[in-house]
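>>> Need a 3D model of the sequence below.
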Amino acid sequence: MRECEQLIDKVDIFQNLNLYERSKLYESMQVKRVAAEKYIIREGETGSCFYLVAEGQLVAYKQQEMGNKLVYVYRRGDYFGEIALLRNLPRQASVKTITDCRLYFINVDSFSRVLGPL
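Now for the predicted structure:
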């Protein structure tokens, strides 16, 4: 089984997908390599992709008056970007790489086409 498939199979929001839906999701995922210290998403932006961490570490933080508040540290198998796509909301936090990363991602159009309403 491909790495992407193994990672997707552990994502809770995809647990109710049937085999056909899962295969379409696997086919739609793309890979992206990102250097350390780069922003993947920024709080307040319109969501365009769902991301799944294959390699590396990232941090999520929210902007506050007194500076940035760390929300989460992402590692292999973690995912982000789903809230903006599922609820049609702006990004809820900024996510930045700490180390060089390899991410699987799917854009909003493919996400909606493959998954429909979850």
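>>> OK, contacts around the residue most central in space within the chain?
The centre of the chain sits closest to residue 51, judged by CA atoms, centre = their mean, with a distance of 2.1 Å. Residues in contact with residue 51 (CB atoms under 8 Å, 6 or more residues apart in numbering) are 40-41, 79-81, 95, 103-105. Yep, even glycine has a C-beta here, placed from its N, CA and C like the rest.
>>> List the buried residues for the lengthiest helix in the chain?
Criterion DSSP state H: the longest helix present in the chain is helix 19-28. Residues of helix 19-28 classed as buried by neighbour count (16 or more other CB atoms under 10 Å): 25-26, 28.
>>> what do you get for stretch 101-110?
101, 103-106, 108, 110.
>>> ditto for stretch 45-56
The neighbour-count check on stretch 45-56 (16+ other CB under 10 Å) flags 47, 49-54, 56 as buried.
>>> before we move on, the earlier item: which strands and helices sit next to the longest helix of the chain?
Under the contact criterion of 3 or more CB pairs under 8 Å, 6 or more residues apart in numbering; DSSP states H and E, helix 19-28 touches helix 3-8, helix 108-115.
>>> Now distance to residue 85 and mean pLDDT too, for those helices, in JSON lines please.
As requested, these are exported to JSON lines (distance: least, CB to CB, whole Å; pLDDT from 0 to 100):
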{"stretch": "helix 3-8", "distance to residue 85": "15", "mean pLDDT": "90"}
{"stretch": "helix 108-115", "distance to residue 85": "5", "mean pLDDT": "82"}
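>>> Switch those helices over to TSV; also include distance to residue 32.
Shown next, in TSV, are the helices and strands packed on helix 19-28 (distance: least, CB to CB, whole Å):
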stretch	distance to residue 32
helix 3-8	12
helix 108-115	14
